[in-house]
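Trainee: need the 3D shape of this:
(chains A, B, C, D and E, ligands or ions: 4)
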Amino acid sequence: MSARVFTIAALGALALIALGLVAPDWLLFTVTKAIGFGLVALGIVALMRGGLVSFGQGLYYCAGAYVSGLISNRLEVTDVAILLFAGALAGGLAAAAISPLISRYRGIFFAMLTMALSMVLYGVLAKVTAIGGSDGFNVASPSFFGWTPGVAKADYALFAAAVVAAALAAALCRLYFDSGPGLIALASRENELRVEYLGASVFTVTQRNVIVAGALAGLGGALNGFALGHIDPYFSYWTTSGEVVFIAILGGYASVIAVFGAALITELVRSFSGQYFPESWQLSLGLFLLVVIVFLPRGFGSLWAGRRGGGAREEPK
Amino acid sequence: QETFKVGIVTFLSGQAAQSFGVPAWDGGKILVEKMNAGEAPAPYDKKGFGGLVIEPVVIDEAGGATTQVQEYRNLVQRENVDVVVGYVGSGDCLAVAPVAEELKQFTILYDCGTPRIFEDADYEYVFRTAAHATQDNVGLVRYLKATGVDIETYSGINQDYAWGHDSWADFKAAMGQIYPDATVTAELFPAFGAGQYGTEISALMQRRADVVHTSLWGGDLQAMILQALPRGLFQRSQVALSAGDHSLPPLGDNFPEGVIVGARGAYGFMAPKSELNDWWWKIYTDAYDVMPVQAPYRMAQALLGLKLAVERAMEANGGKKPNSEELAAAMKGSSWESPGGRIEMVNGNGHQAIQPIGFGRSMKNDDGHIVLGDIIRFPARCVNPPADMKGIEWIEAGFPEAECE
Amino acid sequence: MLKLHDIHVRIGSVEAVRGFTMEVPPGAMIGLAGRNGAGKTTVMRAIMGLAKLTGGSIELDGVSMAKTEIHKRSALGAGYMPETRGLIPDLTVEENILLPTWVTPGVDGAARLRFVYEVMPELKEMAGRKALLLSGGQQKLAALGRALTVGSRLLLLDEPFEGVAPALAQRLSEVISALKSERLSIVMSMSELSHSETMLDRVWGIERGANMKAEA
Amino acid sequence: MSAAVLEARGLQKSFGAVVAAKDIDVSVLPAARLSLIGANGAGKTTFVNMVTGWLKPDAGQVLLDGKDITGLAPRRITRAGVCRSFQIPQLCETMTPSENLLVSAEIATGGKPRFFRPARRPETLDGAAAVLARFGLEEYADQPVNELPGGVRKLIDIAMALAVRPRVLLLDEPTSGVASEEKFPLMDRVMAALEGEQAAVIFVEHDMDIVTRYADRVLAFYSGEIIADDAPGEVLADSAVQKYVTGTRR
Amino acid sequence: MDLALTIIIDGLIYASWLFIVALGLTLVFGVLRILNFAHGGLYALGSYGAAVAVSAFSGWGLGGWFSLVAMFIAALAVAVIVAPVIERGLLRFFYGKDEVLVLLITYAIFLMLEDVTKMIFGVDPYYVFEPRNLLGNVELGSLFYVGYDLALMGLALICGFGVWFGLNRTRIGKITLAVINEPEVSQAMGVNIARVYLLAFGLGVFLAALGGAFTAPLISVQPGISVSVIIVSFAVVIIGGLGSIPGAAIGALIVGLARSFAVYEFPEAEIFIIYLVMVAVLIFRPEGLFTPVKARKI
Ligand SMILES: Nc1ncnc2c1ncn2[C@@H]1O[C@H](COP(=O)(O)OP(=O)(O)OP(=O)(O)O)[C@@H](O)[C@H]1O
Ligand SMILES: Nc1ncnc2c1ncn2[C@@H]1O[C@H](COP(=O)(O)OP(=O)(O)OP(=O)(O)O)[C@@H](O)[C@H]1O
Ligand SMILES: [Mg+2]
Ligand SMILES: [Mg+2]
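Mentor: Ligands and ions are numbered 1, 2, ... in the order given. Here you go, the predicted model:
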């Protein structure tokens, strides 16, 4: 089973890396950034499977970016593997630290509390002038196991690294989602009361998902930090988190690959509408969101379980 | 027939659209039109850029630095523009500059103020055709002194992000030099886009000061003015707007009297009399029947400088469309006349412009309309640090090598 | 006279009711019996319009239900007691009972309330309590009371005795049979007939959403 | 006489003016078959809720094998070996019956979480299928439970509770809403599932036939008090019980 | 003491502004279970509407006190025009769907409103000067306050009490409660739920627009004013407990006072004070200050 998943992931990664050779630079970059966002969204998907949505993943995204960025700038550690790992670690640790506080919240309160926390980080970072305040700072592109690619190859190298990271993350998530604990997470989304009465702790489940999501967000943050060459508190701003939530919804929690697809689509739509309707890109983006949500229910299959009207008539009252 | 593709990046939505982005692009549009028609006065009278038709590609600067890096790459790698001219936001400039360098893409930052760009790094392909923010507050303090405002206490209200903090820091430093005994009574940092300033205004009036400094801009500034007006803040203290000229046209005669106003350059009311300025003023007001404020001026000086650079590069390479290297070579250290006075690319080893700056005080003219009077212009070298010095250090060192006459 | 002719209802993937026909003469008391999942609830929901007809017709005294907006059906004198009780948690028992009279034209709320309290004094005791606090059975009572306020022509009671203590169940069936009048027809769905077979005029069997082979 | 497995001492609970439990004393022997009957609103569910930790009693204690479990989280009480089914079925609404059973099995087996072992393994799936078969639910196996009729949902609810091999099993109205011809089979299945284990069963029931058939002891509740506690025959003969609960039987 | 007084007054003024905006938000959530992100855009529309209406009125020689009427009418107009479009045209298809999903839909609406507004009114700022001069100035302590600003407190009180009373003390309110909890059954009981939803949403829109309209005289009405509003009012609503009107009031008060205190004592903290308050409150009250009673589960 796990062997199968990993082979699929590996093959997929290789295929993409090969395709990358013929892709135009701007696309390479866009895909890299999409993968960064996709990883964060994947974390949200993990949370969604436990019945929660976070509007504050920006916090871990930002933590990952800043930590890896500072390590590269201040400690002159430039190896991509180390830096990405540092990012994931930072995100995971931040989440672990916060999880006891937030894991008992549900629904919109969880969403808003996480958002508030991320906005606090935003406010703080915006003030720390030592690391650029609200303007942030720039980071050099990393090295790859000793090899420092020239400007020409930098984009491709990072793209390849991103693909590998994504494949790994996707495989691990797939396994986790299908595992027993993954199933219990799904169950606690559906009926916490029952899960508790069967003897499992919804709190623990949530905490676990929060940490997973945090680590993924940290990884994504580190990746995008280097892809963009610039890091600023905006990483922790609510709009960033919001965009990723949309990606997660669009991807839906059935498939982990769909999430990355969703990320890419969103990136493309945003930049093309920005390019061709500079005066009204918000309108087109809004329309896009609507169309997707209205006509692509598959993406978010079971979010559509009706609570009111039609659908289920006997939800526990 | 061959075109020269210019990517223009400026705010078309959100807070900064009304005050900076849109007027800047309005100015750019009309100027490009005239240049393509070859109707600009000498030395800008060649059609287009040395015969190449100028083809602008505009995108919105909204969405934060990360978005802008992406859009920048798309402009360069997907749209293959020849030049990018853009960026009002300091954060955007800081983020885009290294990318431009990495992509070896000739790029002009036309507006943003942070000194960090060329103070923290050297660039080959990145130029800024407007002076950085140091001059705004140095000039402002010099103006206060020159117009004999005596100051024992002063306070500041600035937005809570880099621009606000830097402006306030510069102002305080400059005050420390020119008004060494003046003390600060209040430092307020409302959030960007707060919109509600009742509390801040009370605080400013509570902690009454001779001068109130603010670098607020756009909707925030106008809201602050509107809310402060009836509460008499402008009577209690001498308010000084380090970059507020763009609020004059919209507020019109509701703009308070006696306020010191800067424009981050010698623009609009403060612009030096010149044929070029008269022409510019005319085409702009004809097109949009409102006077041009700082943003269009800076867009204009960027495009004019670019035009000359392109044409110089074409002379050098025998009339081909120049590439980024040739453009950089042509632009480096150059200088040209602009509606706002002479632009000299002398700092940041030839990549950072310095320019004269003007200030004035709001007052009623003979037919009762609010205008700026008591205009004083300071020469570029009076308010800008020498090539080898960081802005804030220059101020703290007491403006060495400043040439004010 | 309530007429269901060959009605079909599809819910999501399943066709819950596939061609069910039933006639309820005025003043009749009818049982709708079937195993779990037979379609009893769905039939009732279809009559009230909560489940959409995909085929067939429903008429109450010649008025086509399908053509009557859902919220106008109570005005035809149809009272409904859902299987899931469906009380409004934030409202008191009394308000719950009154709710239909507020929105249904031509019903004298006060009078109906008095009537309900007459037939079910138990309700009077909990009148002031919020519905969300009631026990399962107590909720049944309140829901029945609420159905009575507007159910002047037709009462649809979905498993009225489910989870009700026998003593009370007995009382209820007495109450219900006492309601019997030449105008009011009553339909009771039930998975067990024990409490009431005595008083029923007729039992319609439903099986897999269709009439039981036995009749019709 | 062996020691009580579950013991309630002087449980008190009131909600505002309503007294749902007036010091309730019950002690339950292993393998007991105890039925709770009572008027609606008498306090049966409240009793169940207090024993299983959903409600914290205002006063009194709940002891399991002499250990105090009063007011523990439901989770802990379940782990201690007390589990329950619900008057209103508590299911994973958009999942299918077999998935619901996978969940209960997964949680029941406990142990430390295995993150890379798929939940759907042949053995687990077979397990779920077996349970469905035992309750005669095969035909519904793959329909989301929120599409299932009330009675079926009830069965699944009970089946889930049974997955956790309990010392004490509380069933709140297991047969209400279940078609009459299903009631006895249902109870048979439950009892069969517990065959040979020392598990005590406490079930709330309104159907006296079920009570007489499956209970070896009956508690009759009325407005928060136990008005009778004895063998079925005696309790059902009690005049108060007849007046308030069972009604005059024909 | 003078400083305390000013802190309190400033706090109250800010709070009443917050409350007016948050009220509609909490109402719409309470009834439709929709956290309406587009609220900010509707607020902006209200401001623009007021700007246009006031100048139109003075164009017809209806200056002075009429300008207040004009603002009121503007808000009403926005509600009447926009609410049906959004509610009937879009939202109603999503009732009962996942809260977050619906939140995203309203976010999409918000984005579209941004540009639509820009297309209708352009980017040049609008101003509404007259109303703010109507009520003159008041000297409190050593400071001048504008009567208009103080009057906002009254407006907030009226709106708040009105909505609260309507929802809790009237029959319509109780019917609304029914629809909130049991839409299906209420329908079977004869309630026209479509109308209830539309009314509730319309009222929400009206309150948003009203907030915008009465803020117009304080600000420069131009693109971008919608964003800053929405997040703060979200915070307020969350702090108070979603759907609770007294909650929104208390929430607004806490935030308002905290902010004005910060401005005087810790100006550096102003940017995130509101989030700190939110976190602090949620730590002690996981569902906000006023949590609605939950239906009995088992
Ligand atoms: N919300 C729903 N979605 C999908 N299918 C449904 C839904 N509700 C009912 N069904 C299907 O319709 C059929 C009839 O269900 P219904 O509840 O009407 O039966 P019933 O006779 O009332 O059963 P019970 O006696 O258990 O209440 C069942 O097969 C069920 O699967
Ligand atoms: N959470 C609660 N809040 C307030 N009152 C409650 C609560 N739970 C139960 N009650 C009240 O306590 C009394 C006992 O309720 P309980 O549910 O135990 O009755 P029951 O014996 O289970 O009745 P039924 O047979 O109808 O289920 C009832 O009057 C009920 O209204
Ligand atoms: Mg049924
Ligand atoms: Mg009960």
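
Trainee: tell me which residue is most central in chain A.
Mentor: By Cα atoms, centre = their mean, chain A has its centre lying nearest to residue A:40, at 0.6 Å.

Trainee: mind checking the SS state of it?
Mentor: Classification of residue A:40 by DSSP: H, G, I helix; E, B strand; the rest coil places it in helix.

Trainee: residue B:97 too?
Mentor: The three-state label given to residue B:97 by three-state DSSP is helix.

Trainee: check it and give its pLDDT.
Mentor: For residue B:97, the pLDDT comes out at 93.

Trainee: grab the nearest non-local neighbour of it.
Mentor: Residue nearest to residue B:97 in three dimensions, not counting chain neighbours: residue B:126, with 4.7 Å by Cβ to Cβ, 6 or more residues apart in numbering or on different chains. For glycine as for every other residue, the C-beta is placed from the backbone atoms N, C-alpha and C.

Trainee: same check, this time on residue D:229
Mentor: residue D:219 (5.1 Å).

Trainee: list the contacts for that neighbour?
Mentor: Residues near residue D:219 by Cβ atoms under 8 Å, 6 or more residues apart in numbering or on different chains: D:26, D:34-38, D:226, D:228-229, D:235.

Trainee: looking at these, which is nearest residue B:161?
Mentor: residue D:36 (66.0 Å; Cβ to Cβ).

Trainee: shouldn't the closest one be within a strand?
Mentor: Yes: judged by three-state DSSP, residue D:36 forms part of a strand.

Trainee: name the element the residue in chain B positioned nearest to chain C belongs to?
Mentor: Using Cβ to the nearest Cβ, the closest approach of chain B to chain C is made by residue B:196 at 35.4 Å. In this structure, residue B:196 sits in neither a helix nor a strand according to DSSP states H and E.

Trainee: quick one, phi/psi of the closest residue to chain B within the stretch 151-298 of chain E?
Mentor: Per Cβ to the nearest Cβ, residue E:220 is where the stretch 151-298 of chain E lies closest to chain B, at 3.5 Å. Main-chain dihedrals, residue E:220, degrees, to the nearest 10: phi -100, psi 110.

Trainee: tally of neighbours for the residue lying closest to it once chain neighbours are set aside?
Mentor: With Cβ to Cβ, 6+ apart as the criterion, residue E:220 has its nearest non-adjacent residue at 3.5 Å, and that residue is residue B:222. By the criterion of other Cβ atoms under 10 Å in any protein chain shown, residue B:222 has 26 neighbours.

Trainee: which parts of the worst-scoring helix or strand of chain C on mean pLDDT are buried?
Mentor: The weakest-scoring helix or strand in chain C, judged by mean pLDDT, DSSP states H and E, is helix C:166-179 (a mean of 83). Of the residues in helix C:166-179, C:166-173, C:175-176 count as buried by neighbour count, 16 or more other Cβ atoms under 10 Å in any protein chain shown.

Trainee: are any of the contacts of residue D:219 buried, and which?
Mentor: The neighbour-count test (16+ other Cβ under 10 Å) marks D:26, D:34-38, D:226, D:228, D:235 as buried among those.

Trainee: which strands and helices sit next to the longest helix anywhere in chain B?
Mentor: Secondary structure assigned by DSSP state H gives helix B:294-317 as the longest helix of chain B. Packing partners of helix B:294-317 (3 or more Cβ pairs under 8 Å, 6 or more residues apart in numbering or on different chains; DSSP states H and E): strand B:3-10, helix B:22-36, strand B:83-86, strand B:107-109, helix B:275-288, helix B:324-331, strand B:335-338, strand B:341-347.

Trainee: would you turn these into a markdown table with distance to residue E:267?
Mentor: Formatted as a markdown table, the helices and strands packed on helix B:294-317 follow (distance: least, Cβ to Cβ, whole Å):
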| stretch | distance to residue E:267 |
| --- | --- |
| strand B:3-10 | 31 |
| helix B:22-36 | 31 |
| strand B:83-86 | 33 |
| strand B:107-109 | 31 |
| helix B:275-288 | 38 |
| helix B:324-331 | 42 |
| strand B:335-338 | 38 |
| strand B:341-347 | 33 |
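
Trainee: of all those, which lies closest to residue A:128?
Mentor: Distance to residue A:128, taken as Cβ to Cβ, is lowest for strand B:107-109 among the helices and strands packed on helix B:294-317, at 24.6 Å.

Trainee: any idea how many residues pack against residue B:123?
Mentor: By other Cβ under 10 Å, the burial measure for residue B:123, its neighbour count, is 20.

Trainee: show me what contacts it?
Mentor: Each residue near residue B:123 by Cβ under 8 Å, 6+ apart is listed here: B:97, B:100-101, B:117, B:348, B:351.

Trainee: rerun that using 7 Å as the cut-off
Mentor: Residues near residue B:123 by Cβ atoms under 7 Å, 6 or more residues apart in numbering or on different chains: B:97, B:101, B:351.

Trainee: are any of these buried, and which?
Mentor: By 16+ other Cβ under 10 Å, these give B:97, B:101, B:351 as buried.

Trainee: how near is the first one to chain D?
Mentor: Going back to what we said before, that points to residue B:97. Distance, residue B:97 to chain D, using Cβ to the nearest Cβ, to the nearest Å: 45 Å.

Trainee: and if you look at residue B:321?
Mentor: From residue B:321 to chain D the distance is 59 Å (Cβ to the nearest Cβ).
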